[in-house]
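In: Curious how this folds, go ahead:
(one chain, ligands or ions: 1)
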Amino acid sequence: MIVTKSYEDSCQRAAELIEAAVLANPQAKLGLATGGTPLPIYRRLIEDCKAGKISFAKVRTVNLDEYCGLNGSNTQSYRWFMDHNLFNEIDIDKTNTYVPSGLGDLAANCREVDKKVRENGVPELQLLGIGNNGHIGFNEAADLLHTETHIEQLTESTIAANARFFDKSEDVPTQAITMGLSSILAAKSIVLVATGAAKAAAIRGLLCNDEVTTQNPSTFLKLHPNATVIIDAALATAAGYEN
Ligand code: F6R
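Out: The predicted model follows:
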């Protein structure tokens with residue numbers, strides 16, 4: 001648990017943890033996330049790579065999720081997001097990057113994600129954001145959660161939150177392929193970064209008690225032996241977290 005002065009500092013800490021994993025094992029597998037939260041983290045990785053401080057030449061990556069129905073050349077797809085916000089700007093071999101596919105045979109795609117997570121070793125580090133309702137990946141708050149990669153129906157609140165990236169809210173896909181809880185928890189270490197008052201209730205559930213509930217999927221991180229949550233002081237106060 002790390003409380004920083006600012007979101008900027010949180011992103012710096014997360015970038016340092018990612019780089020430490022890569023320095024310790026240049027062939028590390030990294031689990032990556034999309035969304036607004038990791039953008040400054042990726043910018044730091046790009047800066048450090050361009051400055052010659054870190055190389056991703058042998059790194060492998062696997063992403064958490066992808067919208068159903070969008071192909072990788074669609075600017076709203078998570079493949080496009082990863083290419084343009086990270087992969088195209090660092091020295092990674094793109095053939096070693098994997099973003100789930102939300103097109104074609106979805107059941108086969110789900111099996112492929114779980115294989116990618118586990119083949120030749122599980123991720124050294126899985127980076128996560130968190131949804132306003134506590135979702136991680138696209139595992140939405142519900143009575144039942146899934147352990148393996150599956151197709152998830154996005155909730156109204158997630159569609160509304162993600163509409164900011166689309167021209168019209170009707171354009172937001174309503175389904176996504178996402179790693180399940182055990183695929184996420186398989187990583188050797190987990191780093192979750194959160195900022196903003198909208199995340200306060202989810203963060204309270206994650207940090208302020210010892211309960212695990214499917215109604216806040218992030219609470220399952222309490223079962224992981226090496227999960228680090230990084231929030232800024234403003235979010236800690238909003239969540240009622242006492243350091
Ligand atoms: C993205 C993902 C989601 C986001 C979450 C927060 O790959 O899996 O769980 O991390 O929706 O999104 P932002 O960072 O945009 O608030």
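
In: Going by C-alpha atoms from here, please, whenever you check contacts or count neighbours.
Out: OK.

In: And S218, what's its pLDDT?
Out: Reported pLDDT at S218 in the predicted model: 98.

In: what's around it, how many residues?
Out: Residues near S218, counting by other CA atoms under 10 Å, number 29.

In: Would you confirm that it contacts G137?
Out: No - at 9.5 Å, S218 and G137 do not qualify as touching, with contact defined as CA atoms under 8 Å.

In: My reading is that V3 lies in a strand. Confirm?
Out: Yes - going by DSSP: H, G, I helix; E, B strand; the rest coil, the assignment for V3 places it inside a strand.

In: Name whatever forms a beta bridge with it.
Out: The bridge-partner assignment for V3, based on DSSP bridges, gives I231.

In: got the contact list for stretch 190-208?
Out: 7, 10-11, 14, 37-38, 125-134, 211, 216, 218-219, 221-222, 226-232, 234-236, 238-241 (CA atoms under 8 Å, 6 or more residues apart in numbering).

In: Kindly give a single ChimeraX line that selects the buried subset of those.
Out: ChimeraX command restricting the contacts of stretch 190-208 to the buried ones, with burial defined by 16 or more other CA atoms under 10 Å:
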select :7,10,11,14,37,38,125,126,127,128,129,130,131,132,133,134,216,218,219,221,222,227,228,229,230,231,232,234,235,236,238,239,241
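
In: Near the ligand, list only the ones from the contacts of stretch 190-208.
Out: Restricting the contacts of stretch 190-208 to those within reach of the ligand (CA under 6 Å from any ligand atom) leaves 37, 128-131.

In: just to revisit the earlier point, looking at the contacts of stretch 190-208, which are in strands?
Out: With DSSP state E as the criterion, strands contain 125-128, 227-232 from among the contacts of stretch 190-208.

In: Going by distance to E66, which of the residues you listed wins?
Out: Using CA to CA, L128 comes nearest to E66 of the ones in strands among the contacts of stretch 190-208, at 14.2 Å.

In: so I54 is in which element?
Out: Element membership for I54 (DSSP states H and E) is empty, with no helix or strand holding it.

In: distance of N209 from G240?
Out: Taking CA to CA, to the nearest Å as the criterion, N209 is separated from G240 by 11 Å.
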